[in-house]
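Asks: Provided below for reference: sequence and predicted model.
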Amino acid sequence: MKLNCDLGESFGLWKMGLDAQVMPHINLANIACGFHASDPLTMSKTLTLAKQHQVSIGAHPAYPDLVGFGRRSMACSSEELQALITYQVGALQALAVAQGLTLSYVKPHGALYNDMMKDIKVFADICQAISRYNNKLTLMIQALPDTRQFQEIADSYGITLWFEAFADRNYQDNGLLVPRSQANAVITEPKAVLARCQTLLEHGHLLSENDKAIEMQVDTLCVHGDNPSAVDLVVELSTLINGHSQNHSAE
């Protein structure tokens, strides 16, 4: 299981996240593309940091919503949404090529990610946009108990999927995330986050907010590093996952 983190989300003089401290401990860097956060120089510096630590890079496109940090849904036509995706992925790819790097995947951000998981048409539009640009790019989506519908559409566009879980987010019984509008959406106690990830590694399921076991295929775990305590948690999760992998390799 690989750790992924949303990075490069500063913008001009406004700083967001502790990218330099997080990057050495993750496998996949989801880099903002300028629509919900970031700018060309920030994108370039984040790519340099990823290159330094040999971290795979992915585009983190969003709705064009700097003020709302991409957390507000927008009513986009299929044509507009596909253009937004292509524009952002292409911008990051251009900066990556300038440093001898290649994008590996795409992970939509915020409201676009949530809409993709709730509205199969949005998901299909994203798949089509990626397919037209470069169908060798993997699409990262939320792990669910049943992903057959998503897999069928992705297959029709020749797109590979990675399924992700969230270390510090509570889940509803149906496998979807508890909305951020609710007080219990984010798990803030580090020991609780580590315990649920231990359960996922050993038993292949997460517990919902009502302690229901949700079984799912998980390829990657999303972590956040926007404060010192979050960075410490990323280090502990990295140690936990690496230790688990080594134990299984030895068996």
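Replies: Arrived safely. As the structure is a prediction and not an experimental result, all values here were calculated from the model. Numbers count the residues shown, from 1 in each chain.
Asks: contacts, neighbours, all on C-alpha from now
Replies: Noted.
Asks: residue 60 and residue 213: what is the separation?
Replies: In this structure, residue 60 lies at 30 Å from residue 213, with Cα to Cα, to the nearest Å as the measure.
Asks: how confident was the prediction at residue 125?
Replies: In the prediction, the pLDDT value recorded for residue 125 is 98.
Asks: quick one: it from residue 111, how far?
Replies: Shown here: residue 125 relative to residue 111, a distance of 15 Å by Cα to Cα.
Asks: please, where are all the helices along the stretch 151-251 of the chain?
Replies: Read by DSSP state H, counting those that start in this stretch, the stretch 151-251 of the chain holds these helices, from start to end of the chain: 190-203, 228-250.
Asks: meant to ask about the stretch 1-150 of the chain, not that
Replies: Using DSSP H, counting those that start in this stretch, the helices assigned to the stretch 1-150 of the chain run over residues 19-22, 40-52, 78-97, 110-118, 120-134, 148-156.
Asks: which of the ones you listed sits closest to residue 169?
Replies: The closest approach between residue 169 and any of the helices of the stretch 1-150 of the chain, judged by Cα to Cα, belongs to helix 110-118 at 13.4 Å.
Asks: and the angle from that closest one to helix 148-156?
Replies: Following axes from the mean of the first three to the mean of the last three Cα atoms, to 10 degrees, one obtains 100 degrees for the angle between helix 110-118 and helix 148-156.
Asks: can you show me the CA trace of helix 110-118 as PDB?
Replies: Taking only C-alpha atoms (Å, rounded to 0.1, in the frame of the first residue of the first chain), the coordinates of helix 110-118 have been written out as PDB:
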ATOM      1  CA  GLY A 110     -12.100  18.400  -3.400                       C
ATOM      2  CA  ALA A 111     -15.600  18.900  -4.800                       C
ATOM      3  CA  LEU A 112     -14.600  17.500  -8.200                       C
ATOM      4  CA  TYR A 113     -13.500  14.300  -6.500                       C
ATOM      5  CA  ASN A 114     -16.700  14.000  -4.500                       C
ATOM      6  CA  ASP A 115     -18.800  14.800  -7.500                       C
ATOM      7  CA  MET A 116     -16.900  12.100  -9.500                       C
ATOM      8  CA  MET A 117     -17.800   9.500  -6.900                       C
ATOM      9  CA  LYS A 118     -21.500  10.600  -6.600                       C
END
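Asks: how far does that helix sit from the chain's center?
Replies: Averaging C-alpha coordinates over helix 110-118 and over its chain gives two centres that are 12 Å apart (Cα atoms, centre = their mean, to the nearest Å).
Asks: ok, stretch 209-218 next?
Replies: With Cα atoms, centre = their mean as the basis, the distance from the averaged C-alpha position of stretch 209-218 to the chain average is 19 Å.
Asks: show residues contacting it.
Replies: 1, 143-146, 162-165, 170-175, 204-208 (Cα atoms under 8 Å, 6 or more residues apart in numbering).
Asks: enumerate the positions of it that are buried.
Replies: 209, 213-218 (16 or more other Cα atoms under 10 Å).
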